[in-house]
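Trainee: no sequence for this one, just the structure:
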């Protein structure tokens, strides 16, 4: 598509976001509408939920918020990528729209994984 106006650009971006949400759902990751998003607070930092786990880990649908790698860094108070152990089933990745970098592939961490990393860091301080 030849993008010649802001409306064309908005159509291209919204189309790509829809494709990304569909691809994520195939991986068991659900895009969360901003009206349904929960506030995720770890320590004194907080982010809004944007992704939710729709996988069954053996106990029914998970439903836990999934936190992107940059958001996990923010919640853990780290300036760069967080140093976290790889999840047991490997990293979940999605293509997300970054306001500065454009579309990028990001790793997702379960909220419980980020909280455990935060508690481990607090215990060593």
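Mentor: Thanks, I have it. Remember, it's a predicted structure, so these values are computed and weren't measured experimentally. Numbers count the residues shown, from 1 in each chain.
Trainee: Give the pairing partners of the longest strand seen in the chain; include direction for each.
Mentor: In the chain, taking DSSP state E as the definition, the longest strand is strand 102-110. Paired neighbours of strand 102-110 in the sheet (DSSP bridges): strand 65-68 (antiparallel), strand 92-98 (antiparallel).
Trainee: how about the longest one: buried residues?
Mentor: Within strand 92-98, the residues scored as buried using 16 or more other Cβ atoms under 10 Å are 92, 94, 96. Any C-beta I mention is one placed from the backbone N, CA and C, and that applies to glycine too.
Trainee: for the second one, what are its contacts?
Mentor: By Cβ atoms under 8 Å, 6 or more residues apart in numbering, the contact list for residue 94 reads 20, 23-24, 27, 29, 51, 105-106, 108.
Trainee: so it bridges to which residues?
Mentor: Following DSSP bridges, residue 94 is listed with bridge partners residue 106.
Trainee: Which helix runs longest in this structure?
Mentor: For the chain, the longest helix by residue count, based on DSSP state H, is helix 6-26.
Trainee: which secondary structure elements does that one contact?
Mentor: On a contact count with 3 or more Cβ pairs under 8 Å, 6 or more residues apart in numbering; DSSP states H and E, helix 6-26 meets strand 29-31, strand 92-98.
Trainee: In it, which residues are buried?
Mentor: So for helix 6-26, counting by 16+ other Cβ under 10 Å, buried means 20-21, 24.
Trainee: Quick one: closest of the helices and strands packed on helix 6-26 to residue 15.
Mentor: When these are compared by Cβ to Cβ, strand 92-98 sits nearest residue 15, at 12.1 Å.
Trainee: mind checking how far that closest one is from the chain centre?
Mentor: Averaging C-alpha positions (Cα atoms, centre = their mean, to the nearest Å) puts strand 92-98 7 Å from its chain's average.
Trainee: Now do it against helix 6-26, angle only.
Mentor: For strand 92-98 against helix 6-26, the angle by axes from the mean of the first three to the mean of the last three Cα atoms, to 10 degrees is 170 degrees.
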